[in-house]
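Asker: predicted model and sequence follow; I will ask about them next.
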Amino acid sequence: WNVLADYFPVRLHKSCDLDPAGNYLFGYHPHGIIGVGAFITFATNATGFEQAFPGLDLRLLTLTPNFYLPFSREVLMALGINSVTRQSVQRNLTR
């Protein structure tokens, strides 16, 4: 994942500390069908998110159609990525 982060390049810029006990919703822009920067930052540790914000339970959400393809579905689920439906968002914010 580090090679992918260096190729695009994707970097994480921390501007403040976050309390690990809180619930947070991060917006990502620009986005599209394939949000490479969001994927690299929030689904992997290639940008050092876990070290910058220790203790946060992070979940990346994506469009439901991204789960329709069998192999893609398994990869997304293995990385802890969830659907961006209303029910999924509510469930993730109350964990």
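Answerer: Structure's in. What do you need? Numbers count the residues shown, from 1 in each chain.
Asker: who's in contact with Ala46?
Answerer: For Ala46, the contacting residues are 1-2, 4-5, 10, 40, by C-beta atoms under 8 Å, 6 or more residues apart in numbering. (Glycine included, C-beta is placed from N, CA and C.)
Asker: who wins on neighbours among those?
Answerer: Neighbour counts for the contacts of Ala46, by other C-beta atoms under 10 Å, peak at Ile40, which reaches 24 neighbours.
Asker: which ones are touching it?
Answerer: By C-beta under 8 Å, 6+ apart, the contact set of Ile40 is 1, 4-5, 8, 10, 46-47.
Asker: repeat the analysis, applying 7 Å as the threshold.
Answerer: 1, 4-5, 10, 46-47 (C-beta atoms under 7 Å, 6 or more residues apart in numbering).
Asker: where in the chain is pLDDT low?
Answerer: 30-34 (pLDDT under 70).
Asker: how about the residue of it positioned farthest from its centre, phi and psi?
Answerer: The C-alpha centroid of the chain is most remote from Pro70, which lies 20.1 Å away (C-alpha atoms, centre = their mean). Dihedral angles of Pro70 (phi, psi; degrees, to the nearest 10) stand at phi -50, psi -50.
Asker: how close does it sit to Ser88?
Answerer: Per C-beta to C-beta, to the nearest Å, Pro70 is found 20 Å from Ser88.
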